[in-house]
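> sequence and computational prediction follow.
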Amino acid sequence: MLLGNVRASLTRDDAQLAMQLIGRASRLALEEAEDALRERGVDALLDDPRLLEGLLDAPSRLGMRASWPLFCYVIVRQALTRAGEGDRALADYVAAIVLHFGARGRATRIADHDDQDYDTLAALLEAVDDHDGRRSFFVRQHLGNYALWLSGLFPDRIEQRRWRRGGPDLEYYEEMGRRGFQLAADHRLAQEHGLDVLFREAAARFAVLRIALNEMSDSVFFPTLHTPERLMRQVKDEWRWRLS
């Protein structure tokens, strides 16, 4: 079961590096970062825009020392914050998806030790009522996770397939993702593990999460790609955001 525990896995070394990245400009900035950590905790550093700038500042090379959990949490948290989503629990969970699905083969499996691959959302939807209650829960959760992973990080691939091959659009992925998280929230295991509220929020805010991840993907992971499909998607999402 995928849990939103990236933030809790951060170490003292992660906090020290965050402080150095925020305070790299001056002695005063470093002292302010030290005070923020002491008085308000590590979240004050993780939410500081200067931390993301430091992580992405290639010439300084300091950000290259960042752990993958620190990098994932910060870019996701700050992307969601820019999109108006301030829930740290949601940011932690989405960061866990980005972190774990980046491992080879994990994105198409419902659990680390499950041998069956699901390469489409439709196949996952067909399996949500598996007779094994535990597996049914994993499938439902994975339906939401996988839809967000694909539509959040690879929207250009989805749009290109739609325009060239008649594939499903981003709205299809949003609907399937919302459905997966809602089905997961309704499962008894979600309530037993205290995940039902988180999944309901993920379902309700799926479009916001997707758009935030799109912005992150466009600017951090695929910054040099410029296509008509990307431009049309960005314009459409901008209007959608203004009208929401």
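Yep, that arrived. Numbers count the residues shown, from 1 in each chain.

> CA only for contacts and neighbour counts going forward, please
Noted.

> at the geometric centre of the protein, which residue do we find?
Central residue of the chain (Cα atoms, centre = their mean): V94, 3.3 Å from the mean position.

> mind listing what A185 touches?
Neighbour list for A185: Q191, L195, D196, V197, L198, F199, R200 [criterion: Cα atoms under 8 Å, 6 or more residues apart in numbering].

> and it, how far from L195?
Counting by Cα to Cα, to the nearest Å, the gap from A185 to L195 is 7 Å.

> then R65?
33 Å.

> looking at the two, which is more packed in?
Using other Cα atoms under 10 Å, the more surrounded residue of R65 and L195 is L195, with 18 against 11.

> isn't the residue nearest to the centre of the chain right up against I75?
No: contact criterion Cα atoms under 8 Å: V94 and I75 do not qualify, at 10.6 Å.

> check which residues of whichever helix or strand Q160 is part of are buried.
Assigned by DSSP states H and E, Q160 belongs to helix 155-165. By 16 or more other Cα atoms under 10 Å, the buried positions in helix 155-165 come out as P155, D156, I158, E159, Q160.

> circling back: who wins for neighbours among the contacts of A185?
Neighbour max across these (other Cα under 10 Å) = F199, 24 neighbours.

> my guess is A15 contacts G41, does it?
No: counting by Cα under 8 Å, A15 sits too far from G41 to count as a contact (9.5 Å).

> who's in contact with the lengthiest helix in the chain?
Counting by DSSP state H, the longest helix found in the chain is helix 133-153. For helix 133-153, the external contacting residues (Cα under 8 Å, 6+ apart) are 1, 97-98, 101, 107-108, 110-111, 121, 124-125, 127-130, 158, 170, 173-174, 176-181, 183-184, 187, 189-190, 206, 209-214, 216-217.

> before we move on, what about stretch 161-180?
Stretch 161-180 is contacted by residues 121, 125, 140-148, 151, 155, 158-159, 202-204, 206-207, 210 when judged by Cα under 8 Å, 6+ apart.

> 6 Å - rerun?
R140, L143, G144, A147, A203 (Cα atoms under 6 Å, 6 or more residues apart in numbering).

> which parts of it are buried?
D169, L170, Y173, E174, M176, G177, R178, R179, G180.

> which SSE is the last one in?
If I follow you right, that is G180. Counting by DSSP H and E, the element that carries G180 is helix 170-186.

> could the C-alpha coordinates of that helix be exported in PDB?
The C-alpha coordinates for helix 170-186 follow below in PDB (Å, rounded to 0.1, in the frame of the first residue of the first chain):
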ATOM      1  CA  LEU A 170      -7.000  14.300 -20.200                       C
ATOM      2  CA  GLU A 171     -10.600  14.600 -19.000                       C
ATOM      3  CA  TYR A 172     -10.900  10.800 -19.300                       C
ATOM      4  CA  TYR A 173      -7.900  10.400 -17.100                       C
ATOM      5  CA  GLU A 174      -9.300  12.900 -14.600                       C
ATOM      6  CA  GLU A 175     -12.600  11.000 -14.500                       C
ATOM      7  CA  MET A 176     -10.900   7.600 -14.000                       C
ATOM      8  CA  GLY A 177      -8.600   9.000 -11.400                       C
ATOM      9  CA  ARG A 178     -11.400  10.600  -9.400                       C
ATOM     10  CA  ARG A 179     -13.300   7.300  -9.600                       C
ATOM     11  CA  GLY A 180     -10.400   5.300  -8.400                       C
ATOM     12  CA  PHE A 181      -9.700   7.500  -5.400                       C
ATOM     13  CA  GLN A 182     -13.500   7.600  -4.500                       C
ATOM     14  CA  LEU A 183     -13.700   3.800  -4.800                       C
ATOM     15  CA  ALA A 184     -10.600   3.500  -2.600                       C
ATOM     16  CA  ALA A 185     -12.100   5.900   0.000                       C
ATOM     17  CA  ASP A 186     -15.300   3.800   0.100                       C
END
